[in-house]
Structure formats: structure tokens, C-alpha cells
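After the sequence you'll find the predicted model.
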Amino acid sequence: MDNRLTVLIAEDSPADRMLLSTIVSRQGHRVLTAANGLEAVALFQQEQPQLVLMDALMPVMDGFEAARRIKQLAGQTLIPIIFLTSLTESEALARCLEAGGDDFLAKPYNREILDAKIKAMNRLRLLQATVLEQRDLIARHNEHLLTEQRVAKAVFDKVAHSGCLNAPNIRYLQSPYALFNGDLLLAAFKPSGGMHVLLGDFTGHGLPAAIGAMPLAEVFYSMTAKGFGMTDILREMNAKLKRILPVGVFCCAALLNLSFQRRVLEVWNGGLPDGYLRRSMDGHLQPLVSRHLPLGILDESAFNPACEAYPLQQGDRIFLLSDGVLETSNAEGELFGEQRLCELLLANRQPTSLFAEIQQALADFHGQSKDDLSLLEVEWVDEARLQRPALSLAGSGGSTLHDWNVQFEFRAESLRHYNPLPFLLQLLLEVQPLRARAGQLYTVLAELYSNALEHGVLGLDSRLKRDAEGFARYYQARSAGLASLTEGYVRVLFEVRSAAQGGGCLRVQVEDSGSGLSEQLAHPPAQAQDALSGRGLALVRKLADACHWQAAQRCLSVEFHWPAQA
Amino acid sequence: MAAEHLEGSVLATLRDVMENEYPVLLDTFIVDSEERLRGLQQGLEGADAQALRLAAHSFKGSCSNMGASLLAGLCKQLEDCARREQLEQAPALVEQIAREFAIVRILLKSERQRYAN
């Protein structure tokens, strides 16, 4: 610590000035002297002394005014001013303090007291300098942190917004900086045309809460794009988070799978508050309850990706929310709570404005917008209303496979645990002319495969799916059947041939170990097409270029054609 | 030396502080005080309470630093009168201050002689 200071002495009495400047310079300081306030201010500007000894009463400009000006010039830097005074009236002493004085020194001067006071003031001055330095350091760190968050957010937005959150059937409420509250909202079209939607809420705040969002979004988007089902995606997300997140950091999440063609909603909820499925027909509310621990807690072996399935009708709405919605509090400290939300959902008569009503109710309740709540509404609409982006598939063009066939047989063990569709789709996409039709291919494969598995191998009767109750039973039976499956198979045959005039043809045939398709089901009557059952094969006929009944194998042979390349 | 006019202990401290500059300090005080005294007399003639008060206050300060305690006390009485704007005692006080300063001046001059360099 440098104890040698430059001290400005402003004193009009020559004898006192001489005495004081001698005392101060004998104490090792550099001394500047002024005979009045105006000189003192000028010297201060010129020499930037660190401490001022100021007589109160001086000609030309008194010490009060000079002190005010010096304090103003010094700004945030502390320049201690010690008033030299034999003033005894309290009013005059108060004036010294009001003018910015930090201490007093009475006449007659005393060396020891003066020395002690200069030292005390210097400590104060250094303390203030340290405070300012650290404040600036904190400000720089904070600025740095914000820059980092902006960069992180920009990177994350590129990942998160590659999805379809902007689809016309999705509405959501989320602060732009929700990432740093650990809230995450993802939506993506499946190759088959349905949609996966995820609402996640990581524990904690700031970067630690945001860090898990990246891998989660990557898994969600890449696996959805490749045609993986919910179960596989959930397993992978859980395993990945479990691997990378520290203990105590996890992600409450709900994943929705909307199949527009099959008119099914599948839900997995781990740790988020109840979501709701609101029926368009009667306003009935089906709670979508959390039945699992959040993602990133359980080991792979203990993780349960079982979903619940609900049939969907045109206009049905699904709501998901983070606990920030329920925990929004008003001025009295009351929570918004489930009760208020349910009342809004039940009371609504104009479903298109329901989301706005909830938003308004939250804003009215809290009085201002909060940034730690996420609310999502997904409406079940006719798929034609959704404009899907073209599937972007990685891989360079180059040569194409021609003239080959391959057959897979997936047996009980595989059927129980493995979804072969992503693998099969990737294989077909090696045939370049098929890439443009990846979505259709996937849909057709998925239909044929699930028919073979559910009706053929498991022997389920899709007529069960006529009503909502039967629907639930159907899916229970499917899970139970799969779990206890010990024999049976699904065979998938692909055959690719070049046509004589250029172009080519893919033939797909899916057989099963069971009864296969009934001819009646393969040619469904027109009126069955709008029921919950029997829609799948009609769709296959619509999407494929040709469809033949193979009586011997009791299955369909489905063809996709492509013309010669220019 | 008569202690009520000029305190020996204060002068001893000043000698210690000022070292070679001690005689210069004494000279400076004497010259300045002569001027302050003239200032007091002018304030009195002009019946200017505020000027009297300021001059008495400053003079009091330097007197106390020099150990001229009687003189400092008289200056304080004058300052108090002037603050209360009761100037009827002021002529007498200024007269007393002039006489007391004459004594202090003589004492300081001899001190000056003793420590001339």
C-alpha cells in the first residue's frame, strides 16, 4: 500500500497554511497549497491530489463551495475532504458534511490526530477504489456472461428451431430466454407425417440448466427424422442425459406422439404437471398424468418408456405445461394452481381462443409476464392443413443401387424389443430416386409392419378400436401380447428392378407368421374408411403406385415406380 | 514567559515541527495578525457584523495554533457578539484585542530573536 499521498491544503491564513503544510510534508506527503477555494479547485483539476484539507471560511470562494465542486469533479473516485475548522456551531458542521466533507480537524492543530485522520481517510479512499474496481470487474464478468448466453442461445435456437414449432396447430407461450430457466420446447414432423412434441423442464437455472438441452434436442430431432418411435427416442434421451448430467440435474418432460393417419395420441409424462387432452366434442378433460420419473435419473435397465394411447378427433386439443404455470403467484402470494387452469379449460366455449384466455388469465393473475413458465397447445387437425417441409436427408447423390432384392425375418425376440422401421427406411433411401418419397415410404412400411405385427403375429382385432374404450383395450392387449411373445415372425421383402425404358420399381412385401391379411381387409369397403379401424390399408393403396393381393402369402405386394432420370 | 499570553508548550511543539522554518512562521504570524487587526478595525468602523465575525473567526484560529490563548479567547468573544449581531461590546473587545496582540507581538519578537538563524 502506497502511503505517500498528494495532499491539497486550502487555508487563507498564511501562518496556519505554513504550519499545516510543514506538518503534512514532514509526514511524508507531497503538499499543494491554496489560499482560497477558487485556487483550490484549480489546483485540484491540475494536480489530481488524493486528499484535501479545506478551511471552511475563506475569501473569494469558501470551503463549502470548493468542496462541492471538487466532489463533483472527482465523480465516483473518493477524494476525502477534511474540513479545517474551529467552527463549533452544529449548523456549520452540518454544512461541511452537506458540502461533501468527510471529517473535521479543529484548531489548534495536533500532529498525531492529523496523522491518524489522514491515514484513516486513506484507508477509506483505497477501500472505495477497491469497491469500484471490483464493481467494474463484476460488470465486465456479467457482460461476458451475457455474451456467452447470447451465443449459446443463438446456437441452441438453430438446433431447437429446426423443428416445426411454427406449425399452424401449435401454440405456445415461452420466454425467449426460457432456455436459461431450463425450459425446452421441441416439435418435429415424423417421416410418416405425424408429429413428435416435447416439453422439458431441467432442474436449476442458468447455464447448468441449459446445457442438457442441446443433446436432448439433437436426439429428439435426429431420431424423429430417421423414423424412430417414441419408445426408442425416450430410451435414448434418458440414457444420454443419465450419462452426461451430474447427479441432481434431470429433466421433467412430456413427449407426445401424434399420428394423424392413425388418429392416435401417445403420451409419456415423466415429472411434469398433468397435461390435458380436451375433447372438441364435449369439452371433456382427460388428464395426461405423470407416471414416470424425469429423464436422466434411472439406469437404462430400470427406465420405462411405456406410453398411454388415446384416440383423437378433429379439433381435440392437447395442453402441456411446466410447473412455472401452476406456481405463478399473485401479489398476495397465492398460487395460480391446477384448479384455476381446469376451470378455464372446462368453462371455454370458443376453443380457438382458449389458449389466449389462459395466457390472459396468467397475466392478470401475476400482473406481469414471467419468464420461467412454458405452456403449449397442440390441436389435432386434418393433416392437409399442415405444410410439411421436404424431408432433408443427408447423403450425397452419386450412384444408386439397382436390381437387387433382400429379405429380413424379424423373429419374436426382435419384435419384442426392436423397431426395424428406421433401419429399413435408411436402407431404401440408398436408392436415390426414392428419397423424394421418404415420407410416403415410411408411412406404407409402418402400416404394413404394424398390420403384420398386430393382426398377424399378435392376432389383435382392429375392430376393437371402434370406440375410445375399445381403443384403450386394444393397446393394452398389444403391450401384453408383445411382452409375452415367444414365437412368430414378420418377413419384409424388398425388390428393386430397373425398367426396360429406364426408371425403376421398388416392390415391398410384408408377410407374417400368423393368419396374414384377410382378403376382405385388404379390400376394405368404402364406409369403413372413416372409422378408427381399417384406415391404414386404404392409405397404403392411396400412397403406393400399385398394390396386388398375393393370395399364397396372404399379403399385399406394394410397388413404387420412378421414371427415367433426365 | 506569561503563559496566559503565549503558551510555552505550544511554542516548543512548533519549534519541533518547524525546525529551521520556525522564525519564518513567527514572522508570518506577526505580519498576518497586523493585517487581521486592521480588518477588525475596518469592520468596526463599517458596523459590518458579518465581516467582523469572519475576521474574528480566522484570527481566533491562527492565535490558537500559536498558543496565544488569551488573544484567541478575546477573538472568540468578538466572534460570538458578531454572530448575535450585538455590536455594542465590539469596540471594547477590539480595543482589548489590540492591546493583547501588542503584548503577544513583543513576546514573539523576543522568541524570534532567540531562535534567529
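Structure received.

Report the contact partners of whichever residue of the stretch 1-150 of chain A sits closest to chain B.
Nearest residue of the stretch 1-150 of chain A to chain B, counting by Cβ to the nearest Cβ: residue A:15, 3.9 Å away. Where C-beta positions appear, they are placed from N, C-alpha and C, glycine not excepted. Applying Cβ atoms under 8 Å, 6 or more residues apart in numbering or on different chains, we find residue A:15 in contact with B:25, B:28-29, B:32-33, B:62, B:65-66.

Any chance of the backbone angles for residue A:360?
Here is the backbone geometry of residue A:360 (degrees, to the nearest 10): phi -60, psi -40.

Please report the distance of it from residue A:354.
11 Å (Cβ to Cβ, to the nearest Å).

how about the spatially most central residue of chain A, what does it touch?
By Cα atoms, centre = their mean, chain A has its centre lying nearest to residue A:184, at 2.4 Å. Shown in contact with residue A:184 (Cβ under 8 Å, 6+ apart): A:160, A:178, A:198-202, A:213, A:216-217, A:251, A:253.

on that earlier part again, quick check on residue A:360 and residue A:354: which one has the bigger neighbour count.
Ranked by neighbour count (other Cβ atoms under 10 Å in any protein chain shown), residue A:360 and residue A:354 place residue A:354 first, with 20 against 12.

average pLDDT for the helix or strand that one falls within?
Element membership for residue A:354 (DSSP states H and E) is helix A:354-366. For helix A:354-366, the mean pLDDT works out to 87.

how about the CA coordinates for whatever helix or strand comes next after that helix, as PDB?
Using DSSP H and E, the helix or strand that directly follows helix A:354-366 along the chain is strand A:374-379. Extracted C-alpha coordinates of strand A:374-379, given in PDB (Å, rounded to 0.1, in the frame of the first residue of the first chain):
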ATOM      1  CA  SER A 374     -43.900 -22.700 -20.600                       C
ATOM      2  CA  LEU A 375     -47.300 -23.500 -21.900                       C
ATOM      3  CA  LEU A 376     -48.100 -25.500 -25.100                       C
ATOM      4  CA  GLU A 377     -51.300 -26.300 -27.000                       C
ATOM      5  CA  VAL A 378     -51.300 -28.800 -29.900                       C
ATOM      6  CA  GLU A 379     -54.500 -29.100 -31.900                       C
END
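
And strand A:374-379, how far out from the chain middle?
Distance of strand A:374-379 from its chain centroid, counting by Cα atoms, centre = their mean, to the nearest Å, is 14 Å.

again, but for stretch B:75-88
16 Å.

Buried residues, that stretch. List them.
By 16 or more other Cβ atoms under 10 Å in any protein chain shown, the buried positions in stretch B:75-88 come out as B:75-79, B:81-82, B:87.

And the contacts of stretch A:222-236?
So stretch A:222-236 is contacted by A:188-192, A:196, A:219-220, A:255, A:257, A:266, A:268, A:295, A:300, A:303, A:305, A:307, A:391, A:419, A:421-422, A:425-426, A:442, A:446 (Cβ under 8 Å, 6+ apart).

Show the pLDDT at the residue in the stretch 151-300 of chain A positioned nearest to chain B.
At 60.4 Å from chain B, residue A:206 is the closest residue in the stretch 151-300 of chain A, using Cβ to the nearest Cβ. Confidence at residue A:206, expressed as pLDDT, is 73.

so who does it touch?
residue A:180.

same thing with residue A:181?
A:175, A:205, A:209, A:324, A:371-372.

can you rerun that using 6 Å?
A:205, A:372 (Cβ atoms under 6 Å, 6 or more residues apart in numbering or on different chains).

Please state the backbone phi and psi of it?
Dihedral angles (degrees, to the nearest 10) for residue A:181: phi -100, psi 0.

So, low pLDDT: which residues of the chain?
Looking at chain A here, since you left the chain open. Along chain A, segments meeting pLDDT under 70 span A:1-2, A:86-88, A:160-162, A:176-179, A:367-371, A:387-401, A:500, A:518-535, A:565-566.

other chain: chain B
B:1-2, B:117.

Enumerate the residues of it near chain A.
Contact residues (Cβ under 6 Å from any Cβ of the partner chain) of chain B with chain A: B:17-18, B:25, B:28-29, B:32, B:54, B:57-58, B:61-62, B:64-65.

Could you check which helix or strand contains the closest residue to chain A within chain B?
Distances between chain B and chain A by Cβ to the nearest Cβ are smallest at residue B:29, namely 3.9 Å. Assigned by DSSP H and E, residue B:29 falls within helix B:22-45.

Tell me where the stretch 201-350 of chain A has helices.
A:206-211, A:213-225, A:230-244, A:323-326, A:337-347 (DSSP state H, counting those that start in this stretch).

list the helices and strands the last one packs on?
Contact partners of helix A:337-347 among helices and strands, from 3 or more Cβ pairs under 6 Å, 6 or more residues apart in numbering or on different chains; DSSP states H and E: helix A:354-366.

Please identify the buried residues of the helix it packs on?
A:354-355, A:358, A:361-362, A:365.

Can I get that helix as CSV, trimmed to CA atoms?
Extracted in CSV, the C-alpha atoms of helix A:354-366 (Å, rounded to 0.1, in the frame of the first residue of the first chain):
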residue,chain,number,x,y,z
LEU,A,354,-58.8,-20.9,-25.3
PHE,A,355,-55.0,-20.5,-25.4
ALA,A,356,-55.3,-16.7,-25.4
GLU,A,357,-57.7,-16.9,-22.5
ILE,A,358,-55.2,-18.9,-20.4
GLN,A,359,-52.4,-16.5,-21.3
GLN,A,360,-54.6,-13.6,-20.3
ALA,A,361,-55.6,-15.2,-17.1
LEU,A,362,-52.0,-15.8,-16.2
ALA,A,363,-51.0,-12.2,-17.0
ASP,A,364,-54.0,-10.9,-15.0
PHE,A,365,-53.1,-13.1,-12.1
HIS,A,366,-49.5,-12.2,-11.9
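
so what secondary structure elements neighbour it?
Using 3+ Cβ pairs under 6 Å, 6+ apart, helix A:354-366 sits against helix A:337-347.

got the angle between whichever strand or helix holds the residue nearest to the centre of chain A and strand A:374-379?
Taking DSSP H and E as the definition, residue A:184 sits inside strand A:183-189. Orientation check (axes from the mean of the first three to the mean of the last three Cα atoms, to 10 degrees): strand A:183-189 against strand A:374-379 gives 20 degrees.

Apart from its chain neighbours, what residue comes closest to residue 36?
Assuming you mean chain A. Spatial nearest neighbour of residue A:36, chain neighbours left out: residue A:60 (4.0 Å); criterion: Cβ to Cβ, 6 or more residues apart in numbering or on different chains.

meant chain B, my bad for not saying
Nearest one to residue B:36, counting by Cβ to Cβ, 6+ apart, is residue B:59 at 4.3 Å.

What are the buried residues along the helix or strand harbouring that neighbour?
Using DSSP H and E, residue B:59 sits within helix B:49-66. Neighbour-count burial for helix B:49-66 flags B:49, B:51-66 (criterion: 16+ other Cβ under 10 Å).

who does residue A:559 bridge with?
residue A:507, residue A:546 (DSSP bridges).

measure it to chain B for me?
Plainly put, residue A:559 is 114 Å away from chain B if you go by Cβ to the nearest Cβ, to the nearest Å.
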